[in-house]
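[1] here are the coordinates; sequence isn't available:
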Ligand SMILES: Nc1ncnc2c1ncn2[C@@H]1O[C@H](COP(=O)(O)OP(=O)(O)O)[C@@H](O)[C@H]1O
Ligand SMILES: CSC[C@H]1O[C@H](OP(=O)(O)O)[C@H](O)[C@@H]1O
C-alpha cells in the first residue's frame, strides 16, 4: 500500500481516475476502461478495469452526494474510511477489501475490486441466503471491537486511537438521522401521507421519545470500541464463500452494541419485506426462517467470540473478576436491541430509506409493512430491557 499527498483537492473525472490508477502502476495493462458506479448516498466510486485486472477508486466529495452542495461534508471521512479498513485488516483481513493506495488530500482510497460479490441488501431482496454472513459479521464485530477496547489496548493507545478516529461530522449525521429527526416533526423526514397518523403517534409517545433520547445519549457519550458506524446490509458484500465489509467512513469510538444493532435491524427490515419479495408462501417461510437464524447466529457468534477474546487476551486486571464480562454483554445486548429499534424507525420514515421496503411497488403493501416496522421499532426501543435473549428478539420480529 502506498500513501502520497497531492497539492490540492479536486473531484476526479473518469479520465483522471483512470490516469491515477495508471500512474500508480496499480494495473499493469495499458488499455483500461472506467465507469462511475457509486450508488451510495455520499461518495464517488470509480471502477477502473483492464482485461484481467480491476480496482476501485473511491473519492469523497466535499458535500453529501445525495443532497448536493448545500450539505457540505468533511473530506476527512476518506482518511477515516481507509484507516478503519487498514485497522480492521489487522484482525479480520479476510473480511475487508485490501487497501492499495490512499491520498488524504484527494480524499481517495483505492481498493480491491469486489465485483465478484453482491451487495448483501440486493442479494437478500432477491431472497437469496448466505451461509457465511451471520458468522462473518459476528466475528467482524467481535474482533474489531475487542481489539480496540480498554480490555485489550493500553490506555494511552486507546486514547490515541479515540482521537485519531474522532469523526464529529459523520457522527452528527447519525445523531440527527437515526436518533433525533424521526422522533420529531423534522424536515428531513420522508414518509407518505398515508403513514402520517402512525408517525404522529410516534412523535406523541412520551415514553418512546424519552427512551430514544437515552439511546442517543449512549451513542454520544460511550467511547467503548472502534465501530464501523454504518453496518447496514448496503455496506456488506457477499457471495457464497466470502463476506466483505466496506464503507466504514462513519467509524468512531462508540457503544459496543451499535454495529450489531444496526445489522440485525436491517435483517429484520428485510424479513418484513419478504412478505412481498418472496411471493410463494412456502419459499417465504423458508427465507424468513433463514433471516431469523442469521440474526440469532450473528449475536451468538459475536457473544462467543468477544467472550473468548476477553478470557484469553484481556490485559485488564478486572477481566478475571466474576460478573464483569457478563454485565458488559447484558448491557451491550440491551443497547443493541434499542439501537436496532432506532435504525428500523429511521429507515422507514427518516432520510435514507432501504430498498427492501421502498422497492415494493404496491403502495398498500408497502404502507402495511412500514406500519409493522414502525410498531416493531417503537416496541423494541421501549421494552428493550425485557428482551433478554436473541430468540426473544427474533420472536418479536416474527410477531411484527
Ligand atoms: N471495493 C468495491 N468493489 C466493488 N464495488 C464497490 C466497492 N466499493 C464500493 N463499490 C460499489 O459502490 C457502491 C457504493 O459504495 P459505498 O462504499 O457504499 O459508497 P457510499 O459511501 O457513497 O455509500 C457499492 O454499493 C458498490 O456497488
Ligand atoms: C445523508 S447520509 C444518509 C445515510 O447515508 C449513509 O449510508 P451510505 O454511505 O451507506 O450510503 C448513512 O447510512 C447515512 O445515515
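    Great, that's in hand. Everything numeric here is computed off the predicted structure, so don't read it as measured data. Numbering: from 1, shown residues only. Ligands and ions are numbered 1, 2, ... in the order given.
[2] And the strands in this structure?
    2-3, 33-36, 43-49, 54-60, 63-64, 68-72, 99-103, 108-112, 118-119, 225-227, 236-239, 242-245, 252-254 (DSSP state E).
[3] Mean pLDDT lowest where, among those strands?
    Ranked by mean pLDDT, those bottom out at strand 2-3, which scores a mean of 57.
[4] what about residue 32, distance to ligand 1?
    Residue 32 sits at a distance of 16 Å from ligand 1 (criterion: Cβ to the nearest ligand atom, to the nearest Å). Backbone N, C-alpha and C define where each C-beta goes, glycine included.
[5] which residues does the closest residue in space to residue 17 that isn't next to it in sequence contact?
    Leaving aside its sequence neighbours, residue 17 sits nearest to residue 46 (Cβ to Cβ, 6 or more residues apart in numbering; 3.9 Å). Residues near residue 46 by Cβ atoms under 8 Å, 6 or more residues apart in numbering: 12, 14, 17, 18, 34, 35, 36, 37, 56, 57, 58, 59.
[6] The third one against residue 57, yeah?
    Yes: under the criterion of Cβ atoms under 8 Å, residue 17 is in contact with residue 57, at a separation of 4.6 Å.
[7] The residue nearest the centre of the chain and residue 174, how far apart?
    Taking Cα atoms, centre = their mean, the centroid of the chain lies closest to residue 231, which sits 1.3 Å from it. As judged by Cβ to Cβ, to the nearest Å, residue 231 and residue 174 stand 12 Å apart.
[8] interface residues of the chain facing ligand 2?
    Contact residues (Cβ under 6 Å from any ligand atom) of the chain with ligand 2: 40-42, 64, 66, 173, 177, 230, 234-235, 247, 351-352.
[9] Closest one to residue 87 out of those residues, please.
    residue 247 (14.4 Å; Cβ to Cβ).
[10] related to what we said a few turns ago, can you select the buried ones among the residues of the chain next to ligand 2 for me in ChimeraX?
    Filtering the residues of the chain next to ligand 2 down to the buried ones (16 or more other Cβ atoms under 10 Å) takes a single ChimeraX command:
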select :40,42,64,173,177,230,234,235,247,351,352
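[11] From the residues of the chain next to ligand 2, which land in helices?
    Among the residues of the chain next to ligand 2, the ones falling in helices (DSSP state H) are 173, 177.
[12] what about stretch 87-94, distance to the chain center?
    Mean-position distance between stretch 87-94 and its chain equals 17 Å (Cα atoms, centre = their mean, to the nearest Å).
[13] That stretch vs ligand 1: in contact?
    No: Stretch 87-94 stays clear of ligand 1 (Cβ under 6 Å from any ligand atom), getting no nearer than 13.2 Å.
[14] any idea of the mean pLDDT in that stretch?
    98.
[15] which residues are contacting that stretch?
    Contacts of stretch 87-94 with the rest of the structure, by Cβ under 8 Å, 6+ apart, involve 95-96, 98-99, 139-140, 143-144, 147-148, 226, 242, 245, 248.
[16] Between all of the residues you listed, which two are at the greatest distance?
    148 and 242, at 23.9 Å, using Cβ to Cβ across these.
[17] Can you tell me the number of residues neighbouring residue 281?
    Neighbours of residue 281 under the rule other Cβ atoms under 10 Å: 8.
[18] My error: substitute residue 273 in the last question.
    26.
[19] now the one 3 residues further on
    By other Cβ under 10 Å, 19 other residues sit near residue 276.
[20] can you tell me which residues contact it?
    360, 362, 365, 366, 369.
[21] export these to a markdown table and tack on distance to residue 376, pLDDT and neighbour count?
    Converted to a markdown table, the contacts of residue 276 look like this (distance: Cβ to Cβ, whole Å; pLDDT from 0 to 100; neighbours: other Cβ atoms under 10 Å):
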| residue | distance to residue 376 | pLDDT | neighbour count |
| --- | --- | --- | --- |
| 360 | 17 | 97 | 20 |
| 362 | 20 | 96 | 9 |
| 365 | 16 | 97 | 14 |
| 366 | 16 | 98 | 19 |
| 369 | 10 | 98 | 21 |
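[22] where does the closest residue to ligand 1 within the stretch 151-300 of the chain fall, phi/psi-wise?
    Residue of the stretch 151-300 of the chain nearest ligand 1, by Cβ to the nearest ligand atom: residue 247 (3.5 Å). Torsion angles at residue 247 (phi, psi; degrees, to the nearest 10) stand at phi 60, psi 50.
[23] Was I right to think it contacts residue 40?
    Yes: look at residue 247 against residue 40 with Cβ under 8 Å: they come within range, at 6.9 Å.
[24] what sits in contact with each of those two?
    residue 234.
[25] Please parse the protein into its domains.
    Listed by automatic domain parsing, the domain ranges of the chain are 2-112, 118-398.
[26] Which of those has the highest mean neighbour count?
    Highest mean neighbour count among the domains of the chain (mean count of other Cβ atoms under 10 Å): domain 118-398, with a mean of 19.
[27] For whichever residue of the stretch 1-150 of the chain sits closest to ligand 1, which residues are in contact?
    Closest approach between the stretch 1-150 of the chain and ligand 1, counting by Cβ to the nearest ligand atom: residue 40, at 1.9 Å. Applying Cβ under 8 Å, 6+ apart to residue 40 gives the contacts 65, 234, 247.
[28] Good, we can wrap up now.
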